[in-house]
Every structure is written in C-alpha cells, then in structure tokens.
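Chemist: Model the following, please.
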Amino acid sequence: MKYIIVGLGNFGGSLAEKLTKQGNEVIGIDSNMTKVDAYKSIISHTICIDSTDQFTMSGLPIKNTDVVIVAIGEDQGANIMTTAVMKNLKAKRLISRAISPLHETILQAIGVDEIVHPEEETAERWAKKLCIKGVVDSFVLNGEYSIVEVAVPKLYVGKTLADIDFRKNHDIIVLTTIKITEEKNLIGLSKKINEVQGVASHATLLHEEDIMVIYGSNKDIKKLLDII
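Modeler: Residues are numbered from 1 along each chain as shown. This is a model prediction of the structure:
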C-alpha cells in the first residue's frame with residue numbers, strides 16, 4: 001500500500017518506519033529539514049515542504065495514495081490546516097492526530113475518516129498492563145470491547161479450551177495462544193521469543209507461562225481477571 005505521513009516526530013516517524021519495514025511505500029513529510037534528513041535512509045521517500053501550503057501539496061501523488069496520515073502533534077494549527085488541505089485535495093482515506101477535545105471537534109468538522117490519539121491509546125494499554133492483574137498487553141477496539149493478552153491462570157494449566165469453555169462460562173473468545181521460549185544470541189545472551197500457536201481450537205492445551213489472546217467486552221474480561 002501507499003502512505004503519506006505528514007509530521008516526522010516520535011509518532012509519525014516511528015509509524016513511517018514500521019510501515020516501510022512491512023513493505024509499504026511511504027512518503028514522509030516534514031517542514032524541519034533535520035527530521036527529514038534523519039529518516040531519508042529509513043523510509044521510502046522523504047520531502048521537506050510546508051504541508052499547510054495547498055499549492056505545494058497538490059504536487060504530491062495524493063490520488064494514488066491509499067492512506068494519508070496527519071501526524072503533526074506539537075502545532076495544532078499546522079495539524080488542522082494540513083488536514084484541511086488534504087481534505088480539499090481529496091485524500092482517499094484521511095487520518096489525523098488529535099491533541100485535545102476541541103482539536104478533535106475541529107477535525108470532525110473538517111470530515112476526517114479517523115482520528116488517532118497516540119498518547120491516550122498508549123496510556124490506556126499501559127494502564128491495563130500495570131493495574132489489572134494478569135494483563136500482558138491490550139488493544140482497545142472501541143469503548144466496550146478489547147483484545148487482551150493475559151497469562152494463563154494456574155487454575156487452567158494442563159486443561160484444553162474445551163475443558164474450560166470460555167465462551168459459555170466467561171462469554172470470552174480465546175483467539176490464539178503464545179508460547180514463550182528462549183534462545184541465545186551471537187554473544188550468548190538469552191532473549192525471549194514469542195511464538196504464536198495459530199488459531200485456537202477446542203483441542204488447544206494451555207501450558208504454564210503461556211499467554212492467551214482473548215476477545216470480549218471489557219466488563220467480561222475484568223470479571224475473568226478478577227477470579228484468576
């Protein structure tokens with residue numbers, strides 16, 4: 001896929017790098033030449049231009065781009081103006097970063113397809129990881145449902161998913177399990193490797209120190225974790 005990412009700060013730069021590594025074509029844009037130089041050998045293409053200038057931005061291949069992401073965070077004015085420019089230039093799918101509730105309201109009025117809150121979303125994941133017993137990591141799908149990685153409870157070690165019947169007893173679906181193994185690197189230091197075990201079935205056997213990837217409502221997930 002083809003992406004344009006405007007704003008090569010911590011969020012935009014990291015996203016551009018990851019998308020490039022996954023084999024996508026990424027154009028990274030920033031008005032700061034230092035940031036552009038820092039990413040020129042890391043992502044597909046980098047350009048130093050003023051993203052609030054519609055005439056300049058009209059020279060980009062926006063019609064041939066699948067997703068445009070406005071990742072500017074420090075300057076809300078530049079974020080809003082750039083988002084409006086991309087909307088005027090008919091971006092196929094426009095995602096913009098919001099910093100505050102008012103900022104989000106303005107972006108909604110402009111008509112973006114999606115709004116991202118990287119700081120809040122990261123904080124949400126860490127809050128669950130740090131405060132709810134058993135949570136390894138989580139991904140919030142919306143306000144009510146999440147996909148969560150949890151350590152296999154000792155109560156369930158040695159049992160199959162059919163034995164436990166998470167759907168019936170907890171109203172939760174186990175999507176897969178992850179086995180943690182260790183291997184040594186070239187200098188002899190051990191590192192942990194996560195091995196996803198494929199789509200879970202009734203025959204899936206739960207082992208000590210495995211991780212379950214579960215899906216369900218936040219209230220049902222919390223109920224399950226409370227009894228672990």
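Chemist: Which strand runs longest in the protein?
Modeler: When the chain is parsed with DSSP state E, its longest strand is strand 173-184.
Chemist: residues making contact with that strand?
Modeler: 147, 149, 152, 161, 166-167, 190-200, 204, 206-207, 209-216 (Cβ atoms under 8 Å, 6 or more residues apart in numbering). Every residue, glycine included, has its C-beta placed from N, CA and C.
Chemist: Kindly recompute the last result at 7 Å.
Modeler: 161, 166-167, 190-200, 204, 206, 209-216 (Cβ atoms under 7 Å, 6 or more residues apart in numbering).
Chemist: Inside strands: which ones of those?
Modeler: Going by DSSP E, the strands hold 190-199, 211-216 from these.
Chemist: Drop anything exposed from those residues.
Modeler: 211-216 (16 or more other Cβ atoms under 10 Å).
Chemist: Would you reformat those as JSON lines and include pLDDT and distance to Val26?
Modeler: As requested, those are arranged in JSON lines below (pLDDT from 0 to 100; distance: Cβ to Cβ, whole Å):
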{"residue": "Ile211", "pLDDT": "88", "distance to Val26": "31"}
{"residue": "Met212", "pLDDT": "90", "distance to Val26": "34"}
{"residue": "Val213", "pLDDT": "88", "distance to Val26": "28"}
{"residue": "Ile214", "pLDDT": "90", "distance to Val26": "33"}
{"residue": "Tyr215", "pLDDT": "90", "distance to Val26": "30"}
{"residue": "Gly216", "pLDDT": "89", "distance to Val26": "34"}
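Chemist: now these in a markdown table, with distance to Ile47?
Modeler: Shown next, in a markdown table, are those (distance: Cβ to Cβ, whole Å):
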| residue | distance to Ile47 |
| --- | --- |
| Ile211 | 41 |
| Met212 | 44 |
| Val213 | 39 |
| Ile214 | 43 |
| Tyr215 | 40 |
| Gly216 | 44 |
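Chemist: separation between the residue sitting furthest away from the middle of the chain and Met57?
Modeler: What lies farthest from the middle of the chain is Asp163; by Cα atoms, centre = their mean that is 33.1 Å. Asp163 is 58 Å from Met57, where distance means Cβ to Cβ, to the nearest Å.
Chemist: and if you look at Thr20?
Modeler: Distance, Thr20 to Met57, using Cβ to Cβ: 21 Å.
Chemist: ok, the closest residue to Glu195 other than its chain neighbours - how many residues close by?
Modeler: Take Glu195 and drop its neighbours on the chain: the residue closest to it by Cβ to Cβ, 6 or more residues apart in numbering is Lys179, 4.6 Å away. Per other Cβ atoms under 10 Å, the neighbour tally for Lys179 reads 13.
Chemist: Quick check: bridge partners of Thr181?
Modeler: In this entry, Thr181 is beta-bridged to Ile193, by DSSP bridges.
Chemist: Neighbours of it, how many?
Modeler: Counted with other Cβ under 10 Å, residues neighbouring Thr181 total 10.
Chemist: how close does it sit to Leu205?
Modeler: For Thr181, the distance to Leu205 (Cβ to Cβ) stands at 16 Å.
Chemist: swap in Lys168?
Modeler: As for Lys168, its distance to Leu205 is 19 Å (criterion: Cβ to Cβ).
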